[in-house]
Structures are given as C-alpha cells and as structure tokens.
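Undergrad: okay, structure incoming, though there's no sequence with it:
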C-alpha cells in the first residue's frame with residue numbers, strides 16, 4: 001500500500017462501514033414493518049424528524065390516508081406512539097443515506113483538488129457516485145410501490161434495492177482493495193473462475209433473500225430439511241400462481257423453496273473452492289480469504305435454518321442478514337486476492 005493512499009483507503013473503508021450500518025438499519029426497518037411510515041420524500045425537509053407534537057399529528061394524519069394504515073394498522077389500535085416507533089426506523093434509514101452521500105462527496109472533492117486520486121481511481125469513484133445516487137432512487141422506487149393499492153412494497157423492488165446495496169458495498173470494498181494491494185499476484189485461473197461462479201450464485205441467493213423478505217415467505221413451511229408434510233418440494237410450490245415460473249418468483253412457497261435449495265449450491269461451490277485450493281500454493285492472504293469464506297458460509301447456512309425453524313424472529317432475521325453481508329465481504333476479498 002502506498003503511503004499517499006492511506007487517507008483515500010480510510011475514506012473508502014469508512015463508506016463500507018456506513019453501508020454496512022445502513023443495511024442493518026434497513027433490515028430492522030423491514031422486519032418492524034416501518035418502511036412505509038414516511039409517505040413522501042424531500043431531500044432537505046425530512047432531514048430531521050418532527051420537532052413538535054403538532055407536527056407529529058400532521059405526519060400521522062397524512063399516514064392514515066395510505067393503504068398500510070387503512071388496510072392493516074387501523075384494526076390494531078395503532079396510536080401515535082406506535083407511529084413514532086416505525087417512523088424513527090424509516091427516518092434513520094434515510095438519514096444514514098444522507099450521511100453516506102456527504103461522506104462520499106465532500107472527501108471526493110477534496111481528494112480531487114489535492115490530486116490524491118489517479119485516473120483509474122477517479123473513474124471508479126464516479127461509478128460509485130452514480131451507484132449511490134441510483135440506490136437512493138431505488139429506495140424511493142421501492143417505497144412508492146407500497147403507497148398505492150397494497151399495504152406492502154413490491155418484493156421485486158425490495159430485492160433490487162437490497163441487492164444493489166450489497167453490490168455497491170462490494171464494489172466500494174474492491175476499489176479500496178485495489179489501493180491496499182497495488183502489486184499483482186500470479187492469477188490462479190481455475191480458483192478465480194470458481195470464485196466468480198460462487199459469487200454469481202451468492203448474489204442470486206441474496207436476490208431470493210429479498211424475495212423471501214418481501215413476500216414474508218419465511219413465515220410458512222417452518223421445517224427443515226424438508227418442507228411441510230415431510231415433502232422436499234411441497235405441493236403448494238406448484239399451485240399458488242398460474243405458471244411454474246410465476247410460482248418460483250411470486251409464490252411464497254416457490255420462492256422459499258428456491259432460496260432454501262440454492263443455499264446448498266452456495267455451500268457446495270464454496271466447499272469445492274476450499275478443497276480445490278489445497279492443490280495450489282496460495283499466499284497467506286489467499287488462504288485466509290478461502291478459509292474465512294468456508295467458515296462464514298456454514299455459519300450463514302446454520303443461521304438460515306434456525307431463522308426458518310423459529311419463524312423469523314426479528315433478532316434472528318437481522319443476524320441472518322448481517323451474516324449475508326459478512327459472507328459477501330469474505331467473497332469479495334477472496335475473489336480480489338485470487339484475481340490480482
């Protein structure tokens with residue numbers, strides 16, 4: 001690592017940490033059904049929550065006009081204090097997004113003026129800037145889907161928003177790793193290619209994790225290793241929607257079946273990477289990456305099983321999401337060390 005890159009690396013890793021925190025808060029927001037509490041979006045006006053009781057009442061009365069309250073919460077004796085609770089998590093989620101924007105843009109301008117960034121890093125940072133802006137759009141695009149007819153957001157939009165947050169984090173980490181390890185290693189193509197395939201399956205699994213969350217598909221078939229009634233593929237997988245394809249992307253049973261089955265493929269690919277890596281002379285960092293990857297994937301698999309068996313309690317669902325983030329971190333690091 002070049003000494004002049006220290007502050008740039010610290011800046012990028014700080015962004016990674018903030019993205020990690022934002023995903024955690026996003027998970028809490030989803031698991032507490034808080035995501036539709038703010039029915040509008042303003043870049044400046046919503047920076048801080050209401051500061052007076054009158055303002056809180058105004059926000060609450062506006063919330064009462066939308067499907068989540070009209071179709072769900074008004075039948076639960078939902079009061080102002082309940083609204084303040086769900087409002088906090090959605091506001092905090094958006095507030096962290098604003099902080100991330102400032103943490104990225106202000107130092108970026110400073111580093112540009114001070115000429116601390118080479119041309120390659122500048123290009124990557126502009127990509128990151130675009131990704132951050134697009135992620136903000138995806139957040140509102142997701143929320144908007146739950147403010148029309150249905151009291152919930154589109155599971156497609158939720159999965160896109162979640163997955164793109166993971167991808168933005170992974171790319172930010174990759175850019176930082178390019179600066180931390182500027183010298184190139186000899187590429188072991190078989191391991192690199194297998195790691196790439198593993199990453200593709202991991203991202204697909206994250207997408208389906210978003211589908212499961214969006215459809216509340218973890219609240220059914222709370223059995224393992226088989227689904228309900230002792231079936232590997234439950235009958236309901238084929239009957240919820242009109243076609244098999246729609247069952248696998250929109251049916252609760254079908255989406256859960258894909259998510260729980262794809263977990264075996266993710267574990268299998270990473271174990272295969274671990275076994276195959278034993279045939280090569282790896283650097284210490286490469287070994288650390290592969291070993292960590294194996295440990296994390298088994299922890300994530302176990303967490304997934306218990307999250308399902310216990311019907312997705314808030315804390316366990318959140319830990320499962322955090323572990324997915326850590327697994328992607330290990331995958332990104334390992335692939336980087338096998339590629340450069």
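TA: Yep, it's here. Here the structure is a predicted model, which is why all the values come from computation and not from measurement.
Undergrad: what comes up buried for stretch 39-51?
TA: 39, 46, 50 (16 or more other CB atoms under 10 Å). Where you see a C-beta, it was placed from the backbone N, CA and C, and this is true even at glycine.
Undergrad: what are the contacting residues of stretch 24-44?
TA: Under the criterion CB atoms under 8 Å, 6 or more residues apart in numbering, residues 46, 62-63, 65-66, 68, 83, 85-94, 96, 98, 140, 142-143, 146-147, 151-153, 158, 162, 165, 213, 312, 314, 317-318, 321-322 lie in contact with stretch 24-44.
Undergrad: can you tell me which of the buried residues of stretch 39-51 is nearest residue 12?
TA: Taking CB to CB as the measure, residue 12 sits nearest to residue 46 out of the buried residues of stretch 39-51, at 27.6 Å.
Undergrad: quick check: phi and psi at that closest one.
TA: Phi and psi for residue 46, reported as degrees, to the nearest 10, are phi -90, psi 10.
Undergrad: that one and residue 94 touch, don't they?
TA: Yes - counting by CB atoms under 8 Å, residue 46 does reach residue 94; the two are 6.6 Å apart.
Undergrad: what's in contact with stretch 5-13?
TA: With CB under 8 Å, 6+ apart, stretch 5-13 has contacts from 1, 103, 107, 111, 116-117, 121, 172-173, 175-176, 179-180.
Undergrad: kindly reformat the residues you listed as TSV containing pLDDT.
TA: Shown next, in TSV, are these (pLDDT from 0 to 100):
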residue	pLDDT
1	56
103	94
107	95
111	94
116	90
117	92
121	94
172	97
173	97
175	96
176	96
179	94
180	93
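Undergrad: for those, pick the one with the most neighbours.
TA: Within the contacts of stretch 5-13, most neighbours by other CB atoms under 10 Å means residue 172, with 25 neighbours.
Undergrad: distance of that residue relative to residue 179?
TA: Residue 172 is 12 Å from residue 179, where distance means CB to CB, to the nearest Å.
Undergrad: next: residue 309.
TA: 43 Å.
Undergrad: one step back: can you lay out the buried residues of stretch 39-51 as TSV showing distance to residue 335?
TA: As requested, the buried residues of stretch 39-51 are exported to TSV (distance: CB to CB, whole Å):
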residue	distance to residue 335
39	41
46	38
50	45
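Undergrad: tell me where the stretch 51-200 of the chain has helices.
TA: With DSSP state H, counting those that start in this stretch as the criterion, the stretch 51-200 of the chain has helices at 53-63, 67, 80-113, 119-144, 155-180, 189-215.
Undergrad: let me have the ones you listed in a markdown table, adding distance to residue 74 as columns.
TA: Output for the helices of the stretch 51-200 of the chain, formatted as a markdown table (distance: least, CB to CB, whole Å):
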| stretch | distance to residue 74 |
| --- | --- |
| helix 53-63 | 11 |
| helix 67 | 11 |
| helix 80-113 | 11 |
| helix 119-144 | 20 |
| helix 155-180 | 24 |
| helix 189-215 | 23 |
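Undergrad: is it true that residue 72 touches residue 151?
TA: Yes - counting by CB under 8 Å, residue 151 is a contact partner of residue 72 at 4.9 Å.
Undergrad: residues contacting the residue nearest the centre of the chain?
TA: Centroid-nearest residue in the chain: residue 162, 4.0 Å away (criterion: CA atoms, centre = their mean). By CB under 8 Å, 6+ apart, residue 162 lies in contact with 23, 26, 206, 209, 210, 213.
Undergrad: can you select the buried ones among these for me in ChimeraX?
TA: A single ChimeraX command selects the buried members of the contacts of residue 162 (16+ other CB under 10 Å):
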select :23,26,206,209,210,213
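Undergrad: in CSV, list the contacts of residue 162 along with distance to residue 283.
TA: Listed next are the contacts of residue 162 as CSV, based on distance: CB to CB, whole Å:
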residue, distance to residue 283
23, 30
26, 35
206, 28
209, 32
210, 35
213, 37
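Undergrad: okay, residue 70: pLDDT?
TA: On the pLDDT scale, residue 70 is placed at 93.
Undergrad: what number of residues are in the vicinity of it?
TA: For residue 70, using other CB under 10 Å, the count is 13.
Undergrad: before we move on, what about the one 4 residues further on?
TA: Residue 74 has 11 neighbouring residues, counting by other CB under 10 Å.
Undergrad: residue furthest from the geometric center of the chain?
TA: Largest centroid distance in the chain under CA atoms, centre = their mean is residue 54 at 35.7 Å.
Undergrad: any weak-confidence spans in the stretch 1-150 of the chain?
TA: 1-3 (pLDDT under 70).
Undergrad: remind me which residues of the stretch 201-340 of the chain are low pLDDT?
TA: In the stretch 201-340 of the chain, no residues with pLDDT under 70.
Undergrad: contacts only, for the closest residue to residue 299 other than its chain neighbours.
TA: Once flanking residues are discounted, residue 299 sits nearest to residue 323: 5.9 Å by CB to CB, 6 or more residues apart in numbering. Residues near residue 323 by CB under 8 Å, 6+ apart: 296, 299, 300, 303.
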